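S.K.: Sequence plus the predicted model coming up.
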Amino acid sequence: MEILFQNANIYSSADKKFYAADLLVRDGMIAAIGVGLTAACADAQIIDCGGKYLLPGLVDAHTHGRNCHDFDHTDEAGINHMREEYAKVGTTTIMATLASRPMDALYTAADMINNNREVTPGKATIAGIHMEGRYLDMAKRGAHAEELLAPLDPKELTGLLNKLLPLPIHLSAAFELDENKSFLKTALSMGATCSMAHTNSTFEQASEAVAGGVKSFTHTFNAMRAIHHREPGTTSAALLLDEAYAEFICDGEHLHPAIVKMASRLKPADKMLLITDSMEAAGAGDGKYSIAGLDVFVKNGRAVNEEGALAGSTLNLFDGVRNCMRFTGKTLEEVLPYASANPAAMLGITHQCGALEVGLRADILLVSNKEDPVLEGVWAAGGRCR
């Protein structure tokens, strides 16, 4: 099946700008981009974009679930429902994120995800598993139940990662607790990308972890040692280490807009990452939910546990892009890579998604008014879902 998008302004991730062209989709992949493709596509379904904008589908590297489902405890129907609902709001690639759980529950969740990850038109693709939990600092556990945390044990990690494979794995942990670095070395040797998370590390410890192979910082500013003028903490390392990626939750709750603006001035543009950290209440409304073994209460879209700590978000990534534009004063062209090309690069999946390029999966957003973007259409792996 062929789909031809005509009269579009297509986003170039390499140039960070839009250019007028047509785009051809064939069998769920981007087959051609250029001017005047109509003559060669007589049998294609024609979509006249009328000068509107085509964006790459968004990539959420950190999301626990949405629409009353959570990757930690769901079934086949729940995963497929989530994949449909992610796609409807413009997120076409996800890292299914697992929080702190007993080991047998993590194994069960990994099997469920691995068995329901085939690329399907009209549904978001599960690119891999983000393991955020269990190996965290007790002092910065946030919304993770204390009894579910565990020491950084390389042997246990080997068994867990073997269960998560063959999907790509992104591992968040408090790596300052890895005294002899054997835990980090094990993770890296098994192909995982690693991120500092729920950490009380000093600036020096965080810097050492990055030098040893840690690639990113999980939900920067949240659940990590804060900036102090005599001890810069983890947060300063996240902002100042140019080689490391840093995640930001732009929902207006986890971070003040001024903090996002400051971070966008300090971090290299190719290392800024927008995430949602969304939980099962996203897209589902207020009420009582759960995450990481704790009850979560959502009111007016704000999710907190019984202790009042923020417990994930109800954000979708397209709104995160819009918020980031407002918070920073940056254009869509500048912010879009934070939620597309950058997470794909961090996760090592740029050969699949994150840009509108020939040979990549046809994950495409149709947007009007790039100054105040409105999502008008979504195609995931070539299948329309909005």
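M.R.: Everything's here; your move.

S.K.: From now on I want contacts and neighbour counts done on CA atoms only, so please keep to that.
M.R.: Noted.

S.K.: Can you give the domain ranges for this structure?
M.R.: According to automatic domain parsing, the chain comprises the domains 2-55+358-384, 57-347.

S.K.: Out of those domains, which is the most enclosed?
M.R.: Among these, the stretch with the highest mean neighbour count (mean count of other CA atoms under 10 Å) is domain 57-347, at a mean of 21.

S.K.: Can you get me the start-to-end distance on that one?
M.R.: The straight-line separation of the ends of domain 57-347 (CA to CA, to the nearest Å) is 15 Å.

S.K.: coming back round to it: TSV please, covering the domains of the chain and showing mean pLDDT.
M.R.: Formatted as TSV, those follow (pLDDT from 0 to 100):
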stretch	mean pLDDT
domain 2-55+358-384	94
domain 57-347	95
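
S.K.: now residue 295: how far from residue 62?
M.R.: 20 Å.

S.K.: typo on my end, residue 278
M.R.: Taken as CA to CA, the span from residue 278 to residue 62 is 8 Å.

S.K.: again, but for residue 131
M.R.: For residue 131 relative to residue 62 (CA to CA), the value is 9 Å.

S.K.: shared neighbours of the two, anything?
M.R.: residue 97 (CA atoms under 8 Å, 6 or more residues apart in numbering).

S.K.: Pairing partners for the helix or strand where residue 95 lies, with directions?
M.R.: For residue 95, the host element (DSSP states H and E) is strand 91-98. Strand pairing for strand 91-98, using DSSP bridges, gives strand 58-63 (parallel), strand 125-132 (parallel).

S.K.: Following element in sequence after the shortest one, please.
M.R.: The one in question is strand 58-63. strand 65-66.

S.K.: The following helix or strand past that following strand - contacts with which helices or strands?
M.R.: Next in sequence after strand 65-66, counting helices and strands by DSSP H and E, comes strand 69-70. When contacts are defined as 3 or more CA pairs under 8 Å, 6 or more residues apart in numbering; DSSP states H and E, strand 69-70 packs onto helix 76-88.

S.K.: Just the CA coordinates for the helix it packs on, please, in PDB.
M.R.: Provided in PDB are the C-alpha atoms of helix 76-88 (Å, rounded to 0.1, in the frame of the first residue of the first chain):
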ATOM      1  CA  GLU A  76      -2.100  -8.500  26.000                       C
ATOM      2  CA  ALA A  77      -5.300  -6.400  25.600                       C
ATOM      3  CA  GLY A  78      -3.900  -3.700  27.800                       C
ATOM      4  CA  ILE A  79      -0.700  -3.400  25.900                       C
ATOM      5  CA  ASN A  80      -2.500  -3.200  22.600                       C
ATOM      6  CA  HIS A  81      -4.900  -0.600  24.000                       C
ATOM      7  CA  MET A  82      -2.000   1.500  25.300                       C
ATOM      8  CA  ARG A  83      -0.200   1.300  22.000                       C
ATOM      9  CA  GLU A  84      -3.300   2.600  20.200                       C
ATOM     10  CA  GLU A  85      -3.700   5.400  22.700                       C
ATOM     11  CA  TYR A  86      -0.100   6.500  22.600                       C
ATOM     12  CA  ALA A  87      -0.300   6.800  18.800                       C
ATOM     13  CA  LYS A  88      -3.500   8.800  19.000                       C
END
